[in-house]
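Novice: Build me a model from this:
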Amino acid sequence: MNREFPRRVVINIKVRNFYYLIAGVLAMLFAVTHAWNGQSVMLPMLDIKAMSMDTRTVFTYVWHIITAENLVFGITFISMSFQSDRSKIRFAAWMIVAILIVRLMVILGVTALLDVSALTDTFIDSIAIVIYVVLIILGTTMKTKQSDG
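Specialist: Residues are numbered from 1 along each chain as shown. A predicted model of the protein is given here:
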C-alpha cells in the first residue's frame with residue numbers, strides 16, 4: 001500500500017526592511033488620523049452659507065485624496081518591507097520621498113503666503129513628515145546584509 005501525503009506549503013514571510021515597515025505603519029496611521037480630523041473637525045466647518053457648494057466639494061475631495069494617498073503609501077511601504085530585492089523598490093521609495101517633500105513645501109509655502117503667524121500651527125504636521133521622510137531615506141540606504149537579516 002503506497003500512500004502519498006500532500007506536501008505542506010510553507011510561506012516564509014520575513015521583514016527585510018524595518019524602516020519601510022515603520023514608515024508603512026505610520027502612513028496608515030496618518031491616513032486614519034487625517035480622515036478622522038477631516039470628518040470631525042475640518043469638513044464640518046465647511047458647512048457655512050458663505051461658501052459655495054463647488055468650493056466645499058473641491059475642498060472635501062482634495063482632503064480625501066490626501067487620505068487615500070497616505071493609505072496607498074502605507075500599503076506600498078508595508079509590502080516593500082518584505083521584498084528582498086532592494087533595487088526594484090528603491091525608485092518607488094525615492095518618488096514617495098519627493099512627493100512628501102513637495103507636500104511639505106506646499107504646506108509651508110501656502111501657509112507663509114496666506115498667514116505667516118499660522119506657521120506654528122503646521123509644526124506637528126511638518127515634524128511628522130520629516131520623521132516619515134527620514135525613515136524612508138534610512139530604509140533606502142540600508143546595506144544588503146542588514147536588510148536580509
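Novice: For the rest of this, base every contact and every neighbour count on C-alpha atoms.
Specialist: Noted.
Novice: And the closest residue to residue 15 other than its chain neighbours, its phi and psi?
Specialist: Spatial nearest neighbour of residue 15, excluding adjacent residues (Cα to Cα, 6 or more residues apart in numbering): residue 82 at 4.8 Å. With angles defined as degrees, to the nearest 10, residue 82 sits at phi -100, psi -10.
Novice: which ones are touching residue 82?
Specialist: Contacts for residue 82 (Cα atoms under 8 Å, 6 or more residues apart in numbering) come out as 13-17.
Novice: Turn the buried ones among the residues you listed into a named PyMOL selection, would you?
Specialist: Only the buried entries of these go into this PyMOL selection, using 16 or more other Cα atoms under 10 Å:
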select buried, resi 15+16+17
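Novice: can you list the contacts of residue 82 in CSV and add pLDDT?
Specialist: What follows is the contacts of residue 82, written out as CSV (pLDDT from 0 to 100):
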residue, pLDDT
13, 80
14, 90
15, 92
16, 92
17, 95
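Novice: out of the contacts of residue 82, which are inside helices?
Specialist: Using DSSP state H, no member of the contacts of residue 82 falls in helices.
Novice: any chance of the contacts of residue 82 in a markdown table, with distance to residue 129 too?
Specialist: As requested, the contacts of residue 82 are exported to a markdown table (distance: Cα to Cα, whole Å):
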| residue | distance to residue 129 |
| --- | --- |
| 13 | 29 |
| 14 | 27 |
| 15 | 23 |
| 16 | 23 |
| 17 | 19 |
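Novice: contact partners of stretch 126-133?
Specialist: If you take Cα under 8 Å, 6+ apart as the criterion, stretch 126-133 is touched by 23, 26, 97, 100-101, 104.
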